[in-house]
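**Student:** My questions concern the predicted model and sequence given below.
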Amino acid sequence: QVQLVESGGGLVQPGGSLRLSCAASGFTFSSYAMTWVRQAPGKGLEWVSDIDSGGGSTYYTDSVKGRFTISRDNARNTLYLQMNSLKPEDTAVYYCARVGLGGNALDAWGQGTLVTVSS
């Protein structure tokens with residue numbers, strides 16, 4: 001079955017860095033665009049970044065542009081999110097999700113990994 005497992009979250013000081021990983025299994029990873037979505041405490045879901053199936057096109061929400069980098073290794077079926085210059089407002093549970101082949105919906109989600117940015 002389709003499975004997405006995030007890792008790499010934790011507590012980091014403002015200005016620090018973390019790299020999140022999302023291990024995919026149960027489907028042909030290289031055929032799907034992927035996305036990162038986050039949910040801050042007490043708030044709704046917020047889209048963070050997308051990457052196309054081949055890794056050649058990436059997109060970011062304005063608040064993370066220049067600080068976060070999405071990438072993928074299709075040989076290892078793994079999605080990444082490199083997060084630099086972290087701010088307290090980046091504190092959230094981060095989810096990776098698969099973009100459905102129709103391109104309009106996220107049809108598989110991981111369990112999430114918590115990132116806490118605090119001094």
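**Tutor:** Happy to help now that I have it.

**Student:** centroid residue for this structure?
**Tutor:** Trp36 (2.9 Å; CA atoms, centre = their mean).

**Student:** which residue sits closest to that residue, ignoring its sequence neighbours?
**Tutor:** Leaving aside its sequence neighbours, Trp36 sits nearest to Val48 (CB to CB, 6 or more residues apart in numbering; 4.3 Å). Where C-beta positions appear, they are placed from N, C-alpha and C, glycine not excepted.

**Student:** who's in contact with the one you found?
**Tutor:** Contacts here follow CB atoms under 8 Å, 6 or more residues apart in numbering; on that basis Val48 touches Thr35, Trp36, Val37, Arg38, Tyr60, Thr61, Val64, Phe68, Leu81, Tyr94.

**Student:** one step back: give the contact list for the residue nearest to the centre of the chain.
**Tutor:** By CB under 8 Å, 6+ apart, the neighbours of Trp36 are Leu20, Cys22, Val48, Ser49, Ile70, Leu79, Leu81, Tyr94, Tyr95, Cys96, Ala97.

**Student:** How confident was the prediction at the residue lying closest to Gly55 once chain neighbours are set aside?
**Tutor:** Leaving aside its sequence neighbours, Gly55 sits nearest to Arg72 (CB to CB, 6+ apart; 4.9 Å). Looking at Arg72, its pLDDT stands at 98.

**Student:** circling back to that earlier point, let's see which of the contacts of Trp36 end up in strands.
**Tutor:** Leu20, Cys22, Val48, Ser49, Ile70, Leu79, Leu81, Tyr94, Tyr95, Cys96, Ala97 (DSSP state E).

**Student:** ok, so of these, who is nearest Gly56?
**Tutor:** Ile70 (11.8 Å; CB to CB).

**Student:** So in the protein, where's the weakest helix or strand by average pLDDT?
**Tutor:** When each helix and strand of the chain is scored by mean pLDDT, DSSP states H and E, strand 106-109 comes last, with a mean of 94.

**Student:** ok now it, how far from the chain's centre?
**Tutor:** 12 Å (CA atoms, centre = their mean, to the nearest Å).

**Student:** strands paired with that strand, and their directions?
**Tutor:** Strand 106-109 sits in its sheet next to strand 92-99 (antiparallel), going by DSSP bridges.
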